[in-house]
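Participant: please work out how this folds:
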Amino acid sequence: GTTTLAGDVSATGNQTYTGAVTLAKNAVLQSTGANATIAVANSINSDSAANRTLNISASGAGSTVSLGGAVGASNVLSQVNVTGATIALNGGTVNTSGNQTYAGAVTLGAATTLPASNVTTTTGSTVAGASNSLNVTGNASLGGDVSDVSSIGVSGTTTLAGDVSATGNQTYTGAVTLAK
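Facilitator: I've put the predicted structure just below:
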C-alpha cells in the first residue's frame, strides 16, 4: 500500500516501501547494518507544493538504496541526499527545486533526468549508466567516473573529477572544470 511519512524512520535492518510514498514533512530514512537496504519500489512525492527534503542513508559495506519510481514527479521535493555503498536510480527522474547529493556507487536502471540546482556525486562516487542516458538540468559536480552511459547532458556548469565515457553524445552547456 501507500505510505505517508510525517517523520523520520530509523531501523537496524532493512526498509521496504512497495507503494507510493508521500512526504508530509521533511524525512530521514536510515538503516544500519553490514547489508542494510532501503528499497522504495514506487514514486516519492511531497504532499504539496511545500517542497520537502528527503535524506536516505543505508550504512555498511554491503548497503543498498534502491529508488524504483520517479521522485518528485507530481510534487517536487526541495532536496534529496542519498548515501549507500550502492545506489540504484531506476525511476527515470529525481526532481528537486534545490540540491541532490549521492554518496556511493550509482547505477542507472533507466534513462535518467535529474532536474536540480546542483547535482553532486561525492569524491570517489561513480555512476554506471548500464547503457542508459543521464541528463542533469542544472549544475553538476561529478566526484568519480561516469561510465557506460548512452549519452550525458548537463545544462549548467560541470565539475569533473573522473573520466566520462558515453557511447553517444556528451553535451555540456555551461563552463566545465576538470578537477582530476
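
Participant: when you work out contacts or count neighbours from here on, use the C-alpha atoms and nothing else.
Facilitator: OK.

Participant: now for residue 111, how many residues are close by?
Facilitator: Neighbour count of residue 111, defined by other Cα atoms under 10 Å: 20.

Participant: contact partners for it?
Facilitator: For residue 111, the contacting residues are 92, 132-134, by Cα atoms under 8 Å, 6 or more residues apart in numbering.

Participant: can you rerun that using 6 Å?
Facilitator: With contacts defined as Cα atoms under 6 Å, 6 or more residues apart in numbering, the neighbours of residue 111 are 92, 132-133.

Participant: again, but for residue 171
Facilitator: In this structure, residue 171 makes contact with residue 153, judged by Cα under 6 Å, 6+ apart.

Participant: ok, now how distant is it from residue 178?
Facilitator: Remark: distance between residue 171 and residue 178 (Cα to Cα, to the nearest Å) = 15 Å.

Participant: now secondary structure and neighbour count too, for the contacts of residue 111, in CSV please.
Facilitator: Shown next, in CSV, are these (DSSP: H, G, I helix; E, B strand; the rest coil; neighbours: other Cα atoms under 10 Å):
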residue, secondary structure, neighbour count
92, coil, 22
132, coil, 20
133, coil, 24
